[in-house]
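**Q** This is a predicted model, with the sequence first.
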Amino acid sequence: MADRVCVGAVAGAFGVRGEVKLKSFCARPESMGDYGTLASEDGSRSFEVEITRAVKNGFAAKLTGVRTREEADALRGTRLYAPREALPTLPDDEFYHADLIGLPVLDGGGVTLGKVRAVIETGAHDILELHAAGGEGAILLPFTKESVPTVDLAAGRIVADPPEGLLPVKRA
């Protein structure tokens, strides 16, 4: 999956002529149709996407090979992936969520806090949901420069300085 990035999902049928409603996961939602052929998660289906108009919470679009409402509705929940090389290069301080998922998160002393399970968008700033080391539940870490000073994709790790009181206190 490292060579593909999820850029959106089919939310269901739109109208009766085979259009779908798309939910975009892109920073610029309308750019979802700019990345060429999109594929399903397992790669078994590919689609050229023609966005026809903005609709509430997404876009109406035509997908190649989808001609009826029933075909469109059968795609509900299908995540659409773009080839990584079709995506724009990001500035040094920005990351694709797909690149962060699964990375280990260490504190400044090298102790593993957990692995990134999800990136949650809140509006103010993103939150990293970590699967805590030792299976002790989840940790919600603010994804800010103060809490996460280092994201080293080349080394495959994140270094965090969690806010005071965020982590559970270990008792002897």
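**A** Cool, got the structure. Numbering: from 1, shown residues only.
**Q** Check this protein for its longest helix and report it.
**A** helix 69-74 (DSSP state H).
**Q** May I have the phi/psi pair for the residue nearest the centre of the chain?
**A** Central residue of the chain (CA atoms, centre = their mean): residue 97, 4.6 Å from the mean position. The phi/psi pair for residue 97 (degrees, to the nearest 10) reads phi -50, psi -40.
**Q** swap in the one 3 residues further on?
**A** Backbone geometry at residue 100, expressed as degrees, to the nearest 10, gives phi -90, psi -30.
**Q** Kindly report the same for residue 143.
**A** phi -90, psi 70.
**Q** That one against residue 126, yeah?
**A** Yes: shown here, residue 143 and residue 126 form a contact pair, counting by CB atoms under 8 Å, at 4.1 Å. Every C-beta, even on glycine, is put in place using the N, C-alpha and C of the backbone.
**Q** Please say which of those two ends up with more neighbours.
**A** Higher neighbour count among residue 143 and residue 126: residue 143, with 21 against 18, using other CB atoms under 10 Å.
**Q** mind listing what the more buried one touches?
**A** 119, 125, 126, 127, 128 (CB atoms under 8 Å, 6 or more residues apart in numbering).
**Q** Can you say which of those residues are buried?
**A** Using 16 or more other CB atoms under 10 Å as the burial test, the contacts of residue 143 include 119, 126, 127, 128 as buried.
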